[in-house]
Every structure is written in C-alpha cells, then in structure tokens.
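*Asks:* sequence and predicted model, in that order:
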Amino acid sequence: TGLPDGGQMGSTLIHGATVLSVDAENRVFDGGYVAIRNGRISAIGPRDGTPDPSGFDEVFELTGHLVMPGLVNAHTHSVMVLFRGRSEGQSLLTMEGWYNSIREPELSLVSTDIGPAVALSCAEMALSGTTTFCDQYFFADEIADAVKAAGLRSVIAYGIVQLGDRERGEQELARATAFLERQRSADGRVIPWFGPHAPYVDNTEDLLVAEVEVANRYGVGLHLHMACGPEDNEETIRRYGTTAAVALEKLGFFKGRIHAAHCLDLSPEDIAVFARAPNASVSYNATAGLRSGREGICPVVDLRAAGVTVALGTDNVAANNSYDMVAEMRVAGLVASHREGVAQPLSSRDLIRMATIEGAKALGLAHEIGSLEVGKAADIVAFDLRGAGYSETPDPETLLIYSGSGRDVRHVWVDGEQLVNDRSLTRRPYRDIRQAYSATYAGFWSRVDDAKKKEVA
C-alpha cells in the first residue's frame, strides 16, 4: 500500500496498551503490542513478545490506552451533516417526516456542496475512532472524491430514489451502473455499491429486480432502508398478503448481498428470510430509531440467534446528531436490554464485535478489516483511558462502552497510514475543514430559503 504522494509506508510499533484483537478467540493482551509493516499487521501479541523498538520507523508507547480495530459505522449518509439540527420534531423514518424536512431541501443541493460536507463528516468519524463507514446518497462520485482525500475506508452506495417515476428509476439505475464502472478500479479504500433507498416505498418491484441483477453481475452489494415502520409493508400486504421481506425473497432480491438498515418491524418470518439468505445483514441504528419515535425496536437478539450478521450504525446526523460509535454501542446495549426485559442480553464484547468485525462481515470486508490479525490491513484506533471517568477494571470492553466516549480517541491508522496523531488530523487541519464547511452550510441554506420564497411567490 502506498502513501498518497506515491511513497511507501514504513513500519510502526504500538506497545504497552491493552490490545483487543477481536479475533475468533477474542484475545486481549494486557500491555500488548501490534506491529505494522507496509500497511499490514505483521505481528500482534503479549507484552513479553514485544519486538525490539529499534527495528521500527515509528514507535508508540501507549500505556494506559486501549488499542483495537477501527470502528465500522454500518449505515450513514455523510452529506446530511448539512441537515444536523434541521429535523427536530420530525420522524425521519416516516415518508412524511423524511419528505418534509429532508427531501425538499435536498433539491437545492449542488455538487460543490458535497466535498466540504463529507470532509467534515469524515473528520468527525476519524476523530471518534471510525475508520470504515457505509454511505448511501446521491452525488456518489463527489462523496468518493472526498473520502479519498480524507483517507478513510468507505462502502459508497449510489442512492436510488424513484418515487413512482419509472423513467427516473431507469435513469438512476444507468447512472448507478456507471458509478460502479468508474469506482471499481479506483482507490482501494472506496468500494462502490448500489443503494436502493427503500423497497416498495420508493423503488418499484421491477426496479428492485433490475438492481439485484446488475449488482450481482458486478459482484457488489445493495444497501437499503427496510422495515422502518408499518408503511413499508402496506403495499406488499395489500398485493400479496405478505411483508416486504417475504415478497422480496420471492422476487429473488435476497440472492444478492443485502445490507438493510433499521429493520425495526421484522416479523419472525422476516428474520427467517434474512437467516436463509446467503449474504444478508442488518445495520442496527439504535439512537436514530429511538429519536424517530417509532414503537418498533430492531430484534437484534433474535436476529443474532438466527445467525444473521448484525452491525451498528449511526444513521445520518440529522436523525442521530452524532457520529460517535462508542455512544452508539452504549445506546444499542441499553435499548436491547429494554426490548428484551433482560439485563445486558448483548454483552459488551458482543457490542464491540458488532461495531468492528460484524460490520466488516456485513460489508464483505472481514478478510481485510474488523479485527487485529496478522495479514489484515492496519486499521487501528487507540483510546486514551487515563482521564476522568476511567478506572481499573477487569473488563475493558465495558469500560469503553459504558464509561467512555469517542472523544477519547488519540491515534487512528487506516491501511497503516496515521490519520489521527495525538487527537489531530494529519492530512488536513480540522480548522480548515470546518471553515470550508461553514461557508458551504451558509450557502446551501440560503439557496433553500430562496427556493421557498419563490414557491410562495
């Protein structure tokens, strides 16, 4: 793996920390080490096996830190940082709430808005420990450019919204296919997918079938919203007497790699559909679900018991307002306890795995990321546990999730490249990113206001 300027990466030794491997045995090394050479993990182990630091270009002695795989945010819309705080009192998991507070202002977006917005989102994610995220939106090429500049890893699903317009659906499918073609040979940290916004609600049956056929032909996944509420099933119950998931299985939709966000209203039959599918996963977005006011809560315990891969996501920061995946793990654990009426049906270790290796599995990247193992890409984060709120514990996973914060991230590496060094971004100063974003934000909302005035006139 090369550096952006074409130079080759060197070697890095991280040692003295509590190291969570998140491997199959969930090995934890107290005072352990991780060695990185040319962007890959070359060794990992306990304190007494620490290599000679003189053999490395860079050495980080991280006593009092927790070192673990980079976090995977399995569902978000990075451009929508522009809508933060703009949808309060609206449920974004309803068609009405989404259309009124998001869809209409979106019509004023222009391509030059995208880079500054995604840059800010990537900065916030990196600074809170996320190294990979799954995005779904329009302007997919512009998102890809901004992600490459930031250095994060991302699955970018080209958002397809049809809203009953057959011709629009055909055009969007063609554009999404062209996006796949352009990005397949691009920077390895960006992986192109399809993003049908929501089945039956705004993507017709014919379009869904075509999307799966093209996605399978290119070997990519489909990222969509699913079972967000009763209206998701209204059309299929009327036509077929079944839920959307069951109807989609009969269509052959679940033959593809399907990554479904939210899934608040899954029936036992729906869970069985996911369990039967060769590559189906769910993004559990607990905070966004709670803020939406929906009664349904994703049946995570039942999904996992059925063998379904369940990852964690923040959703957009109009619905969640934060990219902090540590906070998301905490809320996910609390909500599962509330739903099941049992104390911690998801252990802290479960939640860590859902935010790392299970997210990697959902995105088809478990061979590359999600755990600290020899040969994998060096996507690594280090949390500083020396501050107030932390103390000695036999359970570092619980300490991080229920006592910690993404703001305690000190260092971040992606592909062995250090993107965060001592709480500062290395590629571009946060101050510059924020200034560019603030100007973009003001311009965008000024255009939205002008469009509203024209409608009234």
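*Replies:* Structure's in. What do you need?
*Asks:* going forward, measure contacts and count neighbours with C-alpha atoms only.
*Replies:* OK.
*Asks:* state which helix of this protein is the longest.
*Replies:* Determined from DSSP state H, the single longest helix within the chain is helix 430-456.
*Asks:* buried residues in it?
*Replies:* Buried residues in helix 430-456, counted by 16 or more other C-alpha atoms under 10 Å: 430, 433-434, 436-438, 440-441, 444-445, 447-448, 451.
*Asks:* between all of those, which two are separated the most?
*Replies:* Y430 and A451 (31.4 Å; C-alpha to C-alpha).
*Asks:* distance check, Y430 against D350.
*Replies:* Distance, Y430 to D350, by C-alpha to C-alpha, to the nearest Å: 33 Å.
*Asks:* for N233, give me its contacts.
*Replies:* Counting by C-alpha atoms under 8 Å, 6 or more residues apart in numbering, N233 makes contact with A227, T242, T243, A244.
*Asks:* and the first one, how many neighbours?
*Replies:* Just to be clear, that refers to A227. A count of nearby residues for A227, using other C-alpha atoms under 10 Å, gives 25.
*Asks:* does it touch S267 like I think?
*Replies:* No: if you go by C-alpha atoms under 8 Å, A227 and S267 don't touch, sitting 9.5 Å apart.
*Asks:* list the contacts of Q136.
*Replies:* Residues in contact with Q136 (C-alpha under 8 Å, 6+ apart) are H75, T76, H77, I156, A157, Y158, G159, G195, H223.
*Asks:* checking my notes, it in a helix, right?
*Replies:* No: under DSSP: H, G, I helix; E, B strand; the rest coil, Q136 sits outside any helix and is assigned strand.
*Asks:* pLDDT value on it, please?
*Replies:* Listed pLDDT for Q136 reads 95.
*Asks:* likewise for E455?
*Replies:* Reported pLDDT for E455: 81.
*Asks:* ditto for P278
*Replies:* Among the per-residue scores, P278 shows a pLDDT of 94.
*Asks:* need the contact list for it.
*Replies:* F254, K255, G256, R257 are the contacts of P278 under C-alpha under 8 Å, 6+ apart.
*Asks:* likewise L372?
*Replies:* Contacts of L372 by C-alpha under 8 Å, 6+ apart are L20, S21, V22, D23, I41, I44, M68, P69, A378, I380.
*Asks:* closest one of these to A126?
*Replies:* A126 has its nearest neighbour among the contacts of L372 in I380, at 10.8 Å by C-alpha to C-alpha.
*Asks:* ranges for the helices of the stretch 51-200 of the chain?
*Replies:* 95-98, 104-106, 111-127, 140-150, 166-183 (DSSP state H, counting those that start in this stretch).
*Asks:* buried ones in the last one?
*Replies:* By 16+ other C-alpha under 10 Å, the buried positions in helix 166-183 come out as G169, E170, E172, L173, A176, T177, F179, L180, Q183.
*Asks:* before we move on, what about the fourth one?
*Replies:* Residues of helix 140-150 classed as buried by neighbour count (16+ other C-alpha under 10 Å): A140, D141, E142, I143, A144, D145, A146, V147, K148, A150.
*Asks:* if I look at the residue nearest to the second one when sequence neighbours are not counted, how far off is I143?
*Replies:* Okay, so that is D141. Nearest residue to D141, sequence neighbours excluded (C-alpha to C-alpha, 6 or more residues apart in numbering): F179, at 7.0 Å. F179 is 11 Å from I143, where distance means C-alpha to C-alpha.
*Asks:* which neighbours do these two share?
*Replies:* Contacts common to F179 and I143, judged by C-alpha under 8 Å, 6+ apart, are absent.
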